[in-house]
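# Following is a predicted model, sequence given first.
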Amino acid sequence: MGRVRLEGNVSAAIQLAMEDFMPWDAPPKPIAERAPCLDQWESYDVTTASLPESVLLVRFEPNRERCDSGQQLVELVTYAIEVRTMRILSIDAYPRLLPGPQGTTPR
């Protein structure tokens with residue numbers, strides 16, 4: 001893994017989104033509702049993209065190599081953060097169908 005440098009306002013925006021998405025002191029959700037690994041930060045990949053007007057998109061997506069929840073449908077959550085004021089502008093959550101084992105398509 002190579003080195004990644006984040007500007008201070010980008011890392012602060014990611015932290016703001018992380019705290020909203022899964023607060024550090026939040027109790028885990030019931031196991032019947034979701035796989036326990038989905039309540040751990042290391043199970044998620046974070047992707048960011050800069051937009052005009054000092055807006056940063058921050059997306060959280062479960063990584064199947066670190067958390068194979070057995071679910072074919074996962075929720076992707078994307079935050080729009082205004083980095084000058086550190087304000088959440090919007091939160092967009094939508095389901096995504098994952099490919100089956102070894103790239104097979106689910107039925």
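Nice, thanks for sending it over. Numbering: from 1, shown residues only.

# For the closest residue in space to Leu89 that isn't next to it in sequence, give its distance to Glu7.
Computed as CB to CB, 6 or more residues apart in numbering, the closest residue to Leu89 that is not its neighbour in sequence is Ala80, at 4.2 Å. Any C-beta I mention is one placed from the backbone N, CA and C, and that applies to glycine too. To Glu7, Ala80 is 17 Å away according to CB to CB, to the nearest Å.

# In terms of neighbours, single out the busier of those two.
Ala80 (17 against 10; other CB atoms under 10 Å).

# Distance check, the more buried one against Asp25.
For Ala80, the distance to Asp25 equals 25 Å [CB to CB].

# And Leu51, by the same measure?
Note on Leu51: its distance to Asp25, by CB to CB, is 31 Å.

# more crowded one of the two?
Using other CB under 10 Å, the more surrounded residue of Leu51 and Asp25 is Leu51, with 12 against 5.

# Noted, bye for now.
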